[in-house]
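A.B. asks: Next comes the sequence, and after it the predicted model I'd like to discuss.
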Amino acid sequence: MNKLCFFCLLLLLAFLIRFLFILFVKKPPHPSKIPIKTLVVLGSGGHTAEILRLLDHFDKKHYFPRVYVKAETDVMSGEKALKKEEEWQKTESPMGISFWKIPRSREVGQPFLTAIWPTLLAIFHSAFVVLKEKPKLILVNGPGTCIPVCAAALLFRLLFILPETRIVYVESVARTHRFSLSAKLLYRFRMADLVLVQWEELLKNYPRAVYAGRLY
């Protein structure tokens with residue numbers, strides 16, 4: 001019994017060290033010459049338009065295939081992304097893309113207490129998507145839908161299931177002095193490997209962020 005307890009304590013300590021290492025020692029992946037499977041989280045309220053404009057500047061052959069995730073209640077984002085893919089690939093039947101829907105973790109204005117169950121449900125669905133797709137890069141820019149996706153990716157990274165997956169958060173150009181709620185969560189809990197801001201003033205309150213200038 002004592003040996004079992006000792007083993008459990010060692011295992012718990014190993015996971016704690018692994019968790020702290022992931023959170024505090026950010027090591028971006030080495031530049032890759034092979035295509036990088038990229039998961040993009042879409043969202044209403046302008047988030048989708050901004051992230052698609054950002055993707056306009058990406059090397060589409062390098063960041064490929066692409067996986068799009070949106071909330072179940074978001075009826076427009078998927079169509080916008082599909083139209084962009086048709087434009088980028090110059091075909092009405094774009095290849096190498098997939099779309100997923102997950103439950104919305106929290107509606108705008110919904111009390112946080114009542115959002116606990118929807119959030120857990122969203123994390124469960126997100127875990128399935130992330131494990132199924134196994135992206136190397138997760139690109140997000142603020143919709144609440146990105147939180148369960150990033151949480152699932154962080155968990156799988158902790159468990160050595162997806163050790164190479166990295167999360168990049170790009171704050172909206174509309175945020176000039178304060179982070180959005182999603183950015184605060186990803187920044188405070190160190191879930192994102194890289195947080196990019198488009199206004200230098202934000203660095204005063206969030207010094208671990210990286211000023212990237214106007215990205216689109």
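C.D. replies: Noted; the coordinates are in hand. Note that the structure is predicted; figures quoted are calculated from it, not measured.
A.B. asks: which intervals of the protein have sub-threshold pLDDT?
C.D. replies: 1-4, 6-23, 25-31, 106-114 (pLDDT under 70).
A.B. asks: need the helices for it, in chain order.
C.D. replies: 2-24, 47-55, 77-89, 116-133, 146-158, 181-188 (DSSP state H).
A.B. asks: JSON lines please, covering those and showing distance to Pro35 and mean neighbour count.
C.D. replies: (Glycine included, C-beta is placed from N, CA and C.) Shown next, in JSON lines, are these (distance: least, C-beta to C-beta, whole Å; neighbours: other C-beta atoms under 10 Å):
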{"stretch": "helix 2-24", "distance to Pro35": "25", "mean neighbour count": "11"}
{"stretch": "helix 47-55", "distance to Pro35": "15", "mean neighbour count": "20"}
{"stretch": "helix 77-89", "distance to Pro35": "14", "mean neighbour count": "17"}
{"stretch": "helix 116-133", "distance to Pro35": "14", "mean neighbour count": "17"}
{"stretch": "helix 146-158", "distance to Pro35": "19", "mean neighbour count": "23"}
{"stretch": "helix 181-188", "distance to Pro35": "25", "mean neighbour count": "18"}
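A.B. asks: so which of the ones you listed comes closest to Ser172?
C.D. replies: For Ser172, the closest of those is helix 47-55, at 6.0 Å, according to C-beta to C-beta.
A.B. asks: related to what we said a few turns ago, turn the helices of the chain into a markdown table, including distance to Ala174.
C.D. replies: Output for the helices of the chain, formatted as a markdown table (distance: least, C-beta to C-beta, whole Å):
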| stretch | distance to Ala174 |
| --- | --- |
| helix 2-24 | 28 |
| helix 47-55 | 9 |
| helix 77-89 | 18 |
| helix 116-133 | 24 |
| helix 146-158 | 16 |
| helix 181-188 | 12 |
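A.B. asks: so which of those helices comes closest to Arg104?
C.D. replies: Taking these one by one with C-beta to C-beta, helix 116-133 is closest: 6.7 Å.
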